[in-house]
Structures are given as structure tokens and as C-alpha cells.
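[1] Pasted the sequence and its predicted model underneath.
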Amino acid sequence: MTERPSIDEYFLEIASVVAKRSTCLRNKVGAVIVRDKRILSTGYNGAPSNMEHCLEIGCIRQKNNIASGTMHEKCRAVHAEQNAIIQAALHGVGIGGATVYCTHQPCILCAKMIINSNIKRVVFSTKYPDTDTPEFFRAAGVEMVNLQSED
């Protein structure tokens, strides 16, 4: 008999399925925004709508040897968390008080959007080399949970 996953494990697994739609060549990232055990929105990282994807034209960051976690502005992709927040806004879905499940720890840009979206909890499984994010979440009262804390 298989062990039943916790709610956090369940939604984080769904985020990993969402990440399979990513068009990024470096990191496949997925995000799921949930409140009261209901999915409100999902997002994955990829180029803005109606623009060519990195899968088609290559990665600017790879071509310029830009390290992960730095110079976020030098990327074609809209991050998974950003896309999930944008999709909620486009469809009139309130996300205040929700939890966002991310395959990767949010970067500082996504952290600021999460804070201003009034999301109260972030659960992720893969650390990201952006060291400012945990302090921003702490200062804003957003709970941050790493389900793979041995990383």
C-alpha cells in the first residue's frame, strides 16, 4: 500500500506536472496557487504570449554565460509564479490568503509579486541561488516552507 501524500506534497507534485509545459532550456519551473485545497491558478516559465520561446531560438542567458539567480532582467521568460499570478488576475480570481506551490524557491522578483498579491505561504522543493528571498518573506510575514530541506 502506498502512503498517501500530505496536502503540501500533493500540490507540489501538481506543480511539477505544470512545470513540464515550461519552454525554458535551463530550469523547468511550475507554480500552483491554492486556497482551501482548491487550485486557483497555475503557471510555468516561458516567453510572453505570442513571442518565440527559448526552445525555438535559444537561451539568452546561456549565450551570455549568466549565472543562475543573477541578472533576472536578462531572460525572455516570465517566471512560473508571475504567470500564475497574471493568470489569476486575467480571469478575475482573487488569490489573497492563498498558498503558492513552486517547484523552485521563488527569486526576489517573484517574492515581491507574491508579497504584494497577499499570498501568505510559499512551499517549494528546489533551492534557488537568490539569497534575498527568505529575508523578504520573513519581513512581510509570508511563511516559506522547503519540503526538500536536505538540499
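    It's in. Numbers count the residues shown, from 1 in each chain.
[2] Strands of this structure, start to end?
    30-35, 38-44, 99-104, 121-126, 143-146 (DSSP state E).
[3] Which elements pack onto the shortest one?
    Just to be clear, that refers to strand 143-146. strand 121-126, helix 133-140 (3 or more C-beta pairs under 8 Å, 6 or more residues apart in numbering; DSSP states H and E). For glycine as for every other residue, the C-beta is placed from the backbone atoms N, C-alpha and C.
[4] Nearest to residue 14, out of the strands of the chain?
    strand 30-35 (5.2 Å; C-beta to C-beta).
[5] Can you tell me the centre-most residue of the protein?
    residue 81 (3.6 Å; C-alpha atoms, centre = their mean).
[6] ranking the strands of the chain by burial, who's on top?
    Of these, the one with the most neighbours on average (mean count of other C-beta atoms under 10 Å) is strand 99-104, at a mean of 27.
[7] Paired strands for that one, with orientation please.
    Applying DSSP bridges, strand 99-104 is found paired with strand 30-35 (antiparallel), strand 121-126 (parallel).
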